[in-house]
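Asker: Need a 3D model of the sequence below.
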Amino acid sequence: MKTYKQIVHEQKSLFLYVLLTYIVAAIVIIFRESLYGIFGERNYVTIHLIIEIFICFFSLSIAVQIWLISKYNPKNRTIYMGALFLMTGILEVNHAIAYKGMPYFIQESGPYLATWFYVIPRVMFPLGLLIVFLLEEKEVSNSRRVQSYALSIIFSLIVIVMVYMPTQLLPVLVDENGTTALKNNLQMAALVLQIALIVLLVKRLKVMPRRAILIIAASLYLLCSDIMFVSYKDVYDIYNFTGHIFQLLAYLLLFKAIYYLTVEQPFNKLMEANTSLEQSEQEIKQLAYYDEITKLPNERYLMEYLSGSLKLGESQKALVVFGVGRYYSIKNSLGTKYTDKMLVMITERLQKFLPANYVLCKLAEDRFAIFIEKHDDSQKIYKLSQQLKEMMEEPLVIDHFALNSNVDIGISLYPTDTIHEEDLLQFAKFATHEAKKEPERVAFYTVDMQKAQSNRIVLENDLKNAIVREELFLEYQPQLNLRTGEIRSAEALIRWRHPKRGLISPFEFIPIAEESGLIVPIGQWVLERACRETVAWQQKYKQPMKVAVNLSMGQLYQDDFVNFVRQTLQKTKLKPEYLQLEITESMTMNTKQIIPVLKELKELGVAIAVDDFGTGYSSLAYLKDFPIDCLKIDRSFIGNILENPNDEALVRMILSMAKHLNLKVVAEGIETVEQLDYLLHSDCDKIQGYFISKPISYTALETDFTKIQQFADEQLSKLKVKN
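Answerer: All right, here's what the predicted structure looks like:
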């Protein structure tokens with residue numbers, strides 16, 4: 001998109017070209033008689049030769065330049081223009097060597113030869129350009145390039161043979177009385193064609209402004225050249241010299257236009273794309289290492305910082321982790337708007353309270369961490385924790401609410417508790433959990449705290465039998481295609497109904513499954529069940545339905561995973577195009593192992609999507625290296641898309657990037673009609689969220705599908721009428 005300043009600059013350029021034409025023409029007309037033969041009769045041949053050499057150089061340079069560039073970007077218009085300039089250059093060379101008095105090895109050089117070699121390209125050139133710009137631009141094969149240039153050379157050779165024939169086949173254009181009527185008519189034909197070309201290009205100024213302006217200006221110079229050549233008395237007339245100058249300027253501008261088309265414009269687009277990609281990568285990298293709400297370093301940053309610091313091992317170190325009490329109750333009752341402001345205010349308090357040499361980080365939704373690189377007394381850390389607790393007990397005033405909060409503080413020490421960064425953070429988290437049981441709500445890590453993990457072991461054992469006991473089941477969240485208005489895909493989500501504890505959140509049992517290796521058999525069960533139920537749905541409704549299934553790192557590392565997917569598709573009779581497998585950004589880090597697996601999956605015909613895009617980071621290189629079909633924008637960006645400019649900018653960036661990379665985009669977590677309206681008009685492909693439907697069982701999907709589709713139709717219709 002051109003800026004206002006660029007448009008004004010281009011308009012000024014065209015105005016200057018026109019003004020220069022009028023000034024030169026006016027001077028020549030006014031002083032025509034006094035300028036007659038001004039360069040001396042003997043010098044006109046030399047001057048003419050010099051100008052013709054430049055014209056030949058520009059013509060042939062354009063032809064060669066297009067020949068080289070079009071190999072990598074074979075567009076029909078560009079190739080035909082190159083062939084046209086090649087023909088013009090060849091005939092202009094013959095015009096130069098056949099001109100009266102030069103060079104002397106052409107015995108029959110004179111006005112007959114020189115004029116025909118000038119007139120033919122002069123008529124063919126605007127005619128050819130007019131035809132070229134009337135064509136619809138499209139890519140052609142490289143063989144078309146060879147054919148076009150070959151035809152140009154053949155045509156030029158035919159003209160040369162006809163003009164150089166011993167018996168004159170063509171009528172005389174210049175006699176002892178000057179130019180003939182035929183020569184003037186041909187010159188006028190060239191003039192008319194040039195005017196038609198200008199009219200065509202003026203209409204296309206908005207489509208190709210700079211190129212059109214240069215060619216329009218060149219056409220104006222060629223018009224002036226035609227007028228001068230029709231009007232001059234003899235070769236010593238200043239009109240003849242001026243006509244050649246205008247012709248030379250025209251070819252110079254044409255050279256600039258073709259250079260811009262074939263070199264400068266593609267290079268500028270490439271630089272803009274690289275700059276945009278670098279900015280996108282920097283923004284996503286910033287997001288990967290810093291919390292979006294508080295702008296504090298996040299857990300990824302902390303782990304890398306701990307790794308570097310602990311390797312030095314120069315002193316005792318401490319890690320303090322604390323969770324904000326009542327965070328989730330406030331979020332559930334008042335919404336994320338208040339909890340976000342709450343976190344920002346807590347961050348500001350902590351930054352004022354803590355010494356500058358302490359590293360403050362933001363972990364999960366409600367947790368912060370403080371890393372102390374040097375300490376010599378655990379009591380000082382305990383005292384700091386007490387002060388921190390007192391500071392956090394002061395109410396947080398947000399709008400009309402005074403929100404009270406408390407903290408549970410856990411502390412782990414280096415090297416007393418561990419010498420590994422992962423354990424240091426994990427032990428501090430254990431201590432934070434145990435701090436809830438302490439009166440002071442502050443706890444140092446002890447070995448006994450690991451016993452608290454026994455519940456996880458019990459849950460792990462129960463999870464092993466969950467498949468056999470049929471405690472696991474799937475829910476499906478429909479996805480609405482914003483382009484067609486149809487629901488033709490859904491995401492399969494695993495659920496666990498424990499016989500004693502009831503429904504257990506996937507956030508609780510999936511990490512256990514991944515750590516224990518149970519994720520592999522569970523993942524196999526999910527994939528097969530999702531495929532079977534999708535086929536059953538298709539058979540009932542006689543409509544296509546695509547199912548999205550999440551993959552874990554353990555599944556991708558599983559031996560012969562691709563073969564398992566193939567066998568599952570064959571067993572369930574689900575066509576590959578109706579299965580989408582979803583990975584997370586963190587899985588893209590191990591490219592050597594993951595890329596071959598994904599490519600094999602793609603060969604099966606299934607689609608690959610990146611889930612929760614934007615929340616993790618490896619390198620944007622995977623967007624071009626990985627065989628990815630779809631990006632799923634995480635719900636955390638959608639929730640505040642209308643209130644938070646940063647969220648909106650990031651979503652807009654992801655949509656733009658996906659469009660340029662030919663990737664589909666699914667937005668998750670749509671909860672309001674306003675969010676739907678925004679995405680409907682933002683070139684997003686699909687959406688899913690509670691606004692359309694919460695995750696529902698397969699039975700409910702069968703029963704309520706028509707109602708869900710009708711609701712989606714109604715909402716889309718209202719938005720389209722509104723807009």
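
Asker: which stretches of the stretch 301-450 of the chain have low pLDDT?
Answerer: Along the stretch 301-450 of the chain, the parts satisfying pLDDT under 70 run over 328-329, 332-334, 400-401, 450.

Asker: which residues of it fall in helices?
Answerer: Remark: helices assigned in the stretch 301-450 of the chain by DSSP state H, counting those that start in this stretch are 327-334, 336-353, 378-393, 421-435.

Asker: can you list those in a markdown table and add distance to K183 and mean neighbour count?
Answerer: For glycine as for every other residue, the C-beta is placed from the backbone atoms N, C-alpha and C. Below are those laid out as a markdown table (distance: least, C-beta to C-beta, whole Å; neighbours: other C-beta atoms under 10 Å):
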| stretch | distance to K183 | mean neighbour count |
| --- | --- | --- |
| helix 327-334 | 87 | 14 |
| helix 336-353 | 81 | 17 |
| helix 378-393 | 96 | 15 |
| helix 421-435 | 88 | 21 |
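
Asker: Can you tell me which of those helices is nearest to V192?
Answerer: Judged by C-beta to C-beta, the one of those that comes nearest to V192 is helix 336-353, at 68.9 Å.

Asker: contacts for the closest one?
Answerer: 293-296, 324, 327, 330-331, 360, 362, 368, 370, 387-388, 391-392, 396, 398-399, 401, 403, 405, 639-640, 643 (C-beta atoms under 8 Å, 6 or more residues apart in numbering).

Asker: which of these are buried?
Answerer: 293-294, 296, 324, 327, 330-331, 360, 362, 368, 370, 388, 392, 396, 398, 403, 405, 639-640 (16 or more other C-beta atoms under 10 Å).

Asker: what's in contact with stretch 188-196?
Answerer: Contacts of stretch 188-196 (C-beta under 8 Å, 6+ apart): 119, 122-123, 125-127, 130, 219, 222-223, 226-227, 230.

Asker: what do you get if the cut-off is 7 Å, keeping everything else the same?
Answerer: Here stretch 188-196 makes contact (C-beta atoms under 7 Å, 6 or more residues apart in numbering) with R122, V123, P126, L127, L130, S219, L222, L223, D226, V230.

Asker: and if you look at stretch 684-694?
Answerer: Counting by C-beta under 7 Å, 6+ apart, 477-483, 489, 491, 655, 664-673, 676, 679, 708, 712 sit against stretch 684-694.

Asker: re the thing from before, now go through the contacts of stretch 188-196 and say which are in helices.
Answerer: R122, V123, P126, L127, L130, S219, L222, L223, D226, V230 (DSSP state H).

Asker: Mind putting the residues you listed into CSV with neighbour count, pLDDT and distance to I66?
Answerer: Output for those, formatted as CSV (neighbours: other C-beta atoms under 10 Å; pLDDT from 0 to 100; distance: C-beta to C-beta, whole Å):
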residue, neighbour count, pLDDT, distance to I66
R122, 26, 84, 21
V123, 17, 88, 21
P126, 24, 86, 18
L127, 17, 91, 19
L130, 16, 87, 18
S219, 24, 79, 19
L222, 27, 78, 20
L223, 21, 77, 24
D226, 26, 73, 25
V230, 18, 70, 31
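
Asker: before we move on, the earlier item: for the contacts of stretch 188-196, please prepare CSV with the additional fields distance to C531.
Answerer: Output for the contacts of stretch 188-196, formatted as CSV (distance: C-beta to C-beta, whole Å):
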residue, distance to C531
R122, 70
V123, 69
P126, 64
L127, 63
L130, 59
S219, 64
L222, 68
L223, 70
D226, 73
V230, 79
